[in-house]
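Participant: Sequence first, then the predicted structure, then my questions.
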Amino acid sequence: MSRDGLPLGRAASPDDPLRVAVLVSGRGSNMEAIARAAARGEIPVKVVKVVADRPEAGAIARARALGLDVSIVDYRALGREAYHRRLLEEVEASGAELVALAGYMRILPPEWVRRFERRIVNIHPSLLPSFPGLEPHRQAIEHGVKVSGCTVHLVDEGVDSGPIIVQRPVPVDDGDTPETLAAKVLEVEHRAYVEALSLLASGQLVLTGRRVVRRALEAHGSTAEGSSSS
Ligand code: GAR
């Protein structure tokens, strides 16, 4: 395998944390898991901004309770174009290096994705490429899979289609409903998202083709690649 690749994230440290903006639409439990891990010093990450696309999002109160800088950019009030312009201004003004979508239920337009190429990550509650889009837990149960899970991936111009950084499995039991499966997967999501950010803040991840791989330091100072999920 080639040793070259496009670097993802950077080598951050407690004194120079990776600056992350988190976009949310709903409850915000993933945002909270990231912010708490960062505040505990588990990962060299600083949540510099939380942006909610709707004023009703439960994530707003959660983020404020954590002392985070929150902006509400109301999609319905602004309309599509003005919304995305404003969102860009908020994220750029925050100095964020990475954008983390955490229960963000809108599709970012291609020009937005290009602007932050390889610097937007998302979490989706299925083992992609299975069950992208809406109602992944219902899709998984109706399909009859025995294992589902979650995926943290880079955002590209498609829907839930970008290169995979971390995946974690969750067994589907016979009695599971979309709701019970969602609850089991959500617990795993919180750890998976923190793990993905930890990798991105290690400076070791590179993108080769569609593969996100870890470039571990070798004893003699050169580099070798390993799987990012190892
Ligand atoms: C999470 O399960 C997340 O994976 C999912 O929404 C939930 C948000 O929960 N995201 C998507 O389905 C995106 N396509 P949270 O607001 O408590 O983090």
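Facilitator: Thanks, I have the structure now.

Participant: buried ones in stretch 106-119?
Facilitator: L108, W112, V113, F116, R118, R119 (16 or more other C-beta atoms under 10 Å). C-beta coordinates here come from the backbone N, C-alpha and C atoms, glycine included.

Participant: For the ligand, give me its nearest residue in the chain.
Facilitator: G103 (2.7 Å; C-beta to the nearest ligand atom).

Participant: so what pLDDT did the spatially closest residue to G103 that is not a sequence neighbour get?
Facilitator: Distance criterion C-beta to C-beta, 6 or more residues apart in numbering; nearest residue to G103, sequence neighbours excluded, is G26 at 4.5 Å. pLDDT recorded at G26 is 98.

Participant: Next, count neighbours for G26.
Facilitator: Other residues lying near G26 total 18 when counted by other C-beta atoms under 10 Å.

Participant: Please give me every residue in contact with it.
Facilitator: Contacts for G26 (C-beta atoms under 8 Å, 6 or more residues apart in numbering) come out as A57, G58, A59, G103, M105.

Participant: what about it, distance to G149?
Facilitator: Distance of G26 to G149, computed by C-beta to C-beta, to the nearest Å: 20 Å.

Participant: and G149, what helix or strand is that in?
Facilitator: For G149, the enclosing helix or strand under DSSP states H and E is strand 147-154.

Participant: Next SSE downstream of that strand?
Facilitator: Heading C-terminal from strand 147-154 (DSSP H and E), you reach strand 164-171.

Participant: Can you give me the buried ones in that following strand?
Facilitator: I164, I165, V166, Q167, R168, V170.

Participant: quick one, phi/psi of the residue nearest the centre of the chain?
Facilitator: Nearest residue to the geometric centre of the chain (C-alpha atoms, centre = their mean): N122, 3.2 Å. For N122, the backbone dihedrals (degrees, to the nearest 10) come out as phi -140, psi 150.

Participant: What of G26?
Facilitator: Dihedral angles (degrees, to the nearest 10) for G26: phi -130, psi -130.

Participant: do the same with E97
Facilitator: Residue torsions, per degrees, to the nearest 10, at E97 are phi -100, psi -20.

Participant: Contacts made by the helix or strand harbouring K184 with the rest, please.
Facilitator: Assessed by DSSP H and E, K184 sits inside helix 178-200. Contact with helix 178-200 is made by 8-9, 18, 20, 29-30, 33-34, 37, 42-43, 45, 98, 100, 102, 121, 123, 125, 135, 137-138, 140-141, 148-152, 165-168, 170, 172-173, 176, 205, 214, 228, as judged by C-beta under 8 Å, 6+ apart.
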